[in-house]
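Asker: After the sequence you'll find the predicted model.
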Amino acid sequence: PAAAALPHPAAARRPGAGVRDRGGPLPDPSLFTSLVPSSSADPPGWQELLDADGTGTGAASSAPTKAAGSASNRSPSRLDRVRSGGLSLVRSFSNDEQYTNNDASNGKDAGGKSPERDRPATIITTPVLLRRQDSDDAVLSASAMGGGNGNGTGGNGGGNGTGGDGKSTYEMISPKADRRSRRRLGGCRCWIGTLLFAAVAAAVLLALYFTGMFGTSNGGQEASSQFADDFGGATTVADDFSRTRSPTGAPTSAAPTPAPTSLPTFPPDPPRDSEPDRCAAAESALASPRHLYPTDGAVVTRLAYGSCYRPERQISAVLWEDVRTFRPDLFLWLGDNVYNAGRDMEAKRRGYNEGRADPPYRLYGPVADPPIPVTGTWDDNDFGEGDGQGGDYGCLASSQAEFVHHMSVPESDPRHPAQGANQRFGVYASHMFARPPSPSAAEGNANANGVHVINLDARSHRSPTRKERGPPCEGALSTMLGDEQWAWLEQELLTKKSTIKVIASGTPILAPTTRERDPTELCACDGPGGTFDAANDAIGEGAAYTGTSYEGWGEVPQERTRLLQLVQKSMNAGMAKRVIFLSGEQHWGELMAMKIPENAGAGGEGNGAAQVVYEATASGIDQNWIEDIANSHRVRVRSADSRGDGFYDKECNFPYVRDGVAYNDCADVFGSGMPACATQTSYDDSAVDGQWGNCLPAEQELVPRNRQRYSMENKCADSYHFTCSAQANYGTMVVDWDAETITLSIRTPHHNSPMASEITVEI
């Protein structure tokens with residue numbers, strides 16, 4: 001509360017106020033000390049984050065610093081380094097938070113993609129330096145934290161030198177100070193490196209001996225624990241998604257891939273489907289701060305949304321500061337709202353509590369003052385035990401209770417446990433928000449329903465989607481929502497009129513069924529000529545269309561077509577002028593558009609005229625997934641085919657140079673007799689031989705080029721609306737009721753271009 005009354009750090013973002021790095025201009029350092037709560041009884045603020053001693057008292061800015069070599073791990077020159085010369089504000093992770101960035105060599109599945117559970121966690125994408133806080137000379141490169149050469153294992157961060165209490169601090173690091181540290185090593189670097197190599201080799205041999213490679217013993221376990229404590233408390237790390245470990249912490253036969261646990265203070269989760277008694281309700285208190293539940297009928301014109309929230313990985317508060325600057329009327333969480341997978345409800349509650357209390361979120365997120373109303377849905381890592389789980393999860397009621405408490409859902413809501421025998425199982429729900437009053441009272445009353453938010457639950461009742469995961473497949477009978485939720489959704493879409501409908505899902509909807517995976521691996525596939533193929537054909541998506549190879553509605557095309565058919569019917573019945581899908585899960589951001597063909601669906605009866613729908617995927621706070629993922633429905637600046645084949649799913653690369661002339665639009669320069677463009681260019685913008693295509697006529701583009709904006713940062717391919725390598729991303733939606741437009745954006749506040757991707761469409 002004390003911090004809320006002080007100037008917002010965004011006010012310091014003006015020329016000369018800070019030093020610009022890839023994360024943007026830094027606030028004046030004095031601003032951080034001014035954000036200290038007025039009393040030690042208040043929640044700790046940024047002073048605690050900057051103070052390696054962790055006192056959080058607010059007196060550090062005036063108290064004398066301790067001399068070097070004293071018991072304090074705070075450098076006497078730490079704050080002196082906050083000056084011009086290339087500074088970066090980074091989060092120094094304690095060493096029980098280890099990460100891997102192994103894009104090139106992770107295990108691949110049969111479809112050529114890494115399994116979802118093996119996704120690397122690329123944490124640092126900005127060129128920063130991380131310094132252990134117990135020594136000014138222990139300088140680590142960014143690659144040591146998983147952001148380096150792409151095939152290394154995450155190194156060990158700073159902690160507080162006391163061994164893995166799960167806390168994180170922030171620190172300013174100067175590249176100049178780093179160079180001074182390296183000069184102090186001087187000519188000693190060679191023999192020091194030799195000794196270090198020998199010591200590490202000996203330690204590895206000892207670890208192998210004591211942990212069972214050459215034998216087992218209790219003494220080996222003690223030695224291993226001591227080795228971990230020496231490096232800040234790192235312990236056995238389980239798989240990022242399934243985290244399969246035995247109750248004692250020993251690895252199971254599943255041999256999980258080394259990756260971070262989501263919250264280091266959690267006890268290990270059991271393997272899936274074991275110890276069902278662990279579904280028992282949590283007993284610890286619901287900690288503050290709490291979310292504000294939205295009020296139906298409130299005016300909503302600005303929405304923010306995000307997913308896949310890793311509070312322990314945030315390197316700064318810049319994303320939540322950007323959310324505050326945007327001033328949303330509503331924030332939607334789109335799943336994986338924290339990573340607390342498992343059957344231990346006490347662990348789930350702690351995960352939610354810690355997610356809300358994480359300093360950047362507490363100081364600037366939706367729980368800060370003034371609070372931003374929050375709604376949303378869940379996905380596999382907050383719903384169940386992770387790893388793509390659906391209706392086979394055995395703790396639905398208990399997990400739903402934790403979600404309801406986290407979202408501050410009132411007891412009168414049908415999802416709340418207080419409803420007893422009348423409780424709805426599943427977190428699906430809707431909100432009807434108003435548009436601003438019209439100058440004409442009569443018109444205002446007629447159009448009072450502005451934005452209708454519909455949160456889908458694509459986990460609680462979902463059938464198995466991939467045969468490799470089990471349990472037994474359900475084939476053509478596979479469902480994403482279950483019968484009761486489908487009946488509810490039909491009522492929402494066909495009986496409640498609004499100008500705009502926003503449909504939130506934990507996984508993407510418009511991304512087509514992937515063609516990079518054998519369809520027989522998908523449970524819903526019922527063979528050639530079956531309902532699987534018929535569903536894709538009904539919406540005009542033949543074998544050339546493809547989408548994400550990770551989780552999405554495309555894995556069950558029968559259900560995806562059913563949803564699109566229902567949306568088309570709703571729009572043609574006058575229940576909505578525009579439908580927008582919002583989704584998460586993927587660890588990247590992208591914008592999509594799709595034209596549902598006339599009378600789409602099985603038989604096509606009664607669905608009406610063709611309709612265009614749009615989707616924004618915003619996923620990754622702070623995490624990303626760096627890979628070129630094809631998506632036939634991704635928005636393109638200009639669409640092209642492949643050398644005249646007539647299938648327009650390629651992105652024109654502008655500018656391109658052909659015969660020494662640069663072109664920024666389609667032109668007849670490839671000998672096809674039609675306007676064409678380069679679909680691949682070299683480093684100097686020269687068109688690559690053979691990589692060209694005829695352009696789709698501009699009037700047929702679903703989003704005109706003059707209604708698009710984009711940056712060239714953090715793109716994994718030449719897809720301008722596919723943002724995959726940013727430190728973090730979130731999305732925004734702005735409704736201009738006077739101009740009758742909707743603007744969808746993907747924002748990456750850590751980088752030089754905070755606006756990564758944006759489209760504006762007509763209502």
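Answerer: Sure, I can see it.
Asker: Stretch 456-468: end-to-end distance?
Answerer: 25 Å (CA to CA, to the nearest Å).
Asker: do the same with stretch 613-623
Answerer: First residue to last in stretch 613-623 (CA to CA) measures 28 Å.
Asker: Now do the helices in this protein.
Answerer: Ranges of helices within the chain are 29-34, 46-50, 175-185, 189-210, 218-230, 318-326, 345-357, 359-364, 380-383, 396-406, 441-446, 483-495, 531-538, 557-572, based on DSSP state H.
Asker: Now the longest one: average pLDDT?
Answerer: Helix 189-210 shows a mean pLDDT of 71.
Asker: Then the third one?
Answerer: For helix 175-185, mean pLDDT is 35.
Asker: same question, the shortest one
Answerer: For helix 380-383, the mean per-residue pLDDT is 95.
Asker: Next, the residues that contact it from outside, please.
Answerer: 241, 262, 335-341, 348, 351, 386-390, 393, 399, 403, 459-460, 506, 551 (CB atoms under 8 Å, 6 or more residues apart in numbering). Every residue, glycine included, has its C-beta placed from N, CA and C.
Asker: Would you mind listing where the chain has pLDDT under the threshold?
Answerer: By pLDDT under 70, the low-scoring segments of the chain are 1-193, 207-277, 439-447, 601-606.
Asker: how about 80 then?
Answerer: 1-195, 204-278, 438-447, 470-471, 600-606, 717-718 (pLDDT under 80).
Asker: What is the burial count for residue 297?
Answerer: Neighbour count for residue 297, taken as other CB atoms under 10 Å: 12.
Asker: what sits against it?
Answerer: 432-434.
Asker: Report the buried members of the residues you listed.
Answerer: For the contacts of residue 297, a burial check counting by 16 or more other CB atoms under 10 Å picks out 432-434.
Asker: measure stretch 616-626 end to end?
Answerer: 18 Å.
Asker: brain fart, stretch 748-758
Answerer: Span of stretch 748-758 from end to end, CA to CA: 12 Å.
Asker: do the same with stretch 695-715
Answerer: 22 Å.
Asker: Repeat that for stretch 728-743.
Answerer: End-to-end distance for stretch 728-743: 20 Å, by CA to CA.
Asker: so residue 422 makes contact with residue 414?
Answerer: Yes - using CB atoms under 8 Å, residue 422 is in contact with residue 414, at 6.9 Å.
Asker: more neighbours, those two?
Answerer: Taking other CB under 10 Å, residue 422 and residue 414 do not tie; residue 414 has more neighbours (14 against 7).
Asker: Distance-wise, check that one relative to residue 423.
Answerer: 7 Å (CB to CB, to the nearest Å).
Asker: How about residue 704?
Answerer: Going from residue 704 to residue 423 by CB to CB gives 47 Å.
Asker: Give me the more crowded residue out of those two.
Answerer: More crowded of residue 704 and residue 423, by other CB under 10 Å: residue 423, with 17 against 13.
Asker: dump the residue contacts of that one.
Answerer: Applying CB under 8 Å, 6+ apart, the residues contacting residue 423 are 397, 414-417.
Asker: Which pair of those residues spans the longest distance?
Answerer: Farthest apart among those by CB to CB are 397 and 414. That separation is 13.5 Å.
Asker: Using CSV, please lay out the contacts of residue 297 together with distance to residue 738.
Answerer: Formatted as CSV, the contacts of residue 297 follow (distance: CB to CB, whole Å):
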residue, distance to residue 738
432, 21
433, 17
434, 15
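Asker: which of those lies closest to residue 557?
Answerer: Nearest to residue 557 among the contacts of residue 297, with distances taken as CB to CB, is residue 432, at 30.4 Å.
Asker: Strands along the stretch 401-550 of the chain, start to end?
Answerer: According to DSSP state E, counting those that start in this stretch, the stretch 401-550 of the chain carries its strands in the segments 429-434, 449-455, 500-505.
Asker: Quickly run through the sheet partners of the last one, with directions.
Answerer: Read it as strand 500-505. strand 449-455 (parallel), strand 578-583 (parallel) (DSSP bridges).
Asker: how much space between residue 545 and residue 636?
Answerer: Taking CB to CB, one finds residue 545 at 14 Å from residue 636.
Asker: Comparing these two, which shows the higher neighbour count?
Answerer: In this view residue 545 and residue 636 are compared by other CB under 10 Å, and residue 636 has more residues nearby, 25 against 21.
Asker: was I right about that one contacting residue 718?
Answerer: No - using CB under 8 Å, residue 636 is not in contact with residue 718, being 9.9 Å away.
Asker: got any residues that touch both of those two?
Answerer: Counting by CB under 8 Å, 6+ apart, the residues touching both residue 636 and residue 718 are residue 651.
Asker: rewinding a little: okay, the contacts of residue 423 in TSV with distance to residue 513 next?
Answerer: Converted to TSV, the contacts of residue 423 look like this (distance: CB to CB, whole Å):
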residue	distance to residue 513
397	32
414	33
415	31
416	36
417	37
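Asker: can you tell me which of these lies nearest to residue 644?
Answerer: Using CB to CB, those come closest to residue 644 at residue 415, 53.3 Å.
Asker: For the closest one, give me its contacts.
Answerer: 400, 404, 409, 423-424, 426-427, 429.
Asker: of all these, which comes closest to residue 687?
Answerer: residue 427 (49.7 Å).
Asker: that older thread, show me which of the contacts of residue 297 is closest to residue 656.
Answerer: residue 433 (44.3 Å).
Asker: before we move on, the earlier item: ok, so of the contacts of residue 297, who is nearest residue 370?
Answerer: Using CB to CB, residue 433 comes nearest to residue 370 of the contacts of residue 297, at 17.8 Å.
Asker: Contacts only, for the residue nearest to that closest one when sequence neighbours are not counted.
Answerer: In space, and not counting its chain neighbours, residue 433 is closest to residue 300: 3.8 Å by CB to CB, 6 or more residues apart in numbering. Going by CB under 8 Å, 6+ apart, residue 300 touches 329-330, 433-434, 450-451, 735.
Asker: Swap in 7 Å and give it another go.
Answerer: Neighbour list for residue 300: 329-330, 433, 450-451 [criterion: CB atoms under 7 Å, 6 or more residues apart in numbering].
Asker: go on, residue 463?
Answerer: 390-391, 474, 478-479, 523.
Asker: Next, count neighbours for the residue nearest to it when sequence neighbours are not counted.
Answerer: Leaving out its chain neighbours, the residue that sits closest to residue 463 by CB to CB, 6+ apart is residue 478, at 4.0 Å. Residue 478 has 24 neighbours, counted by other CB under 10 Å.
Asker: and what of residue 199?
Answerer: 10.
Asker: Could you do the one 5 residues further on as well?
Answerer: Neighbourhood size, residue 204 [other CB under 10 Å]: 11.
Asker: Which residues are in contact with it?
Answerer: So residue 204 contacts nothing (CB under 7 Å, 6+ apart).
Asker: ditto for residue 597
Answerer: 539-540, 610.
Asker: Residue 539 versus that one, what's the distance?
Answerer: The value you get for residue 597 to residue 539, if CB to CB is used, is 6 Å.
Asker: my guess is residue 558 meets residue 534, correct?
Answerer: No - counting by CB atoms under 7 Å, residue 534 is not a contact partner of residue 558; they are 8.2 Å apart.
Asker: neighbour count winner among those two?
Answerer: residue 558 (22 against 15).
Asker: Which of the contacts of residue 597 are buried, as a PyMOL select command?
Answerer: Provided next is the PyMOL selection string for whichever of the contacts of residue 597 are buried by 16+ other CB under 10 Å:
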select buried, resi 539
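Asker: So which of the contacts of residue 597 is the closest to residue 641?
Answerer: residue 540 (16.0 Å).
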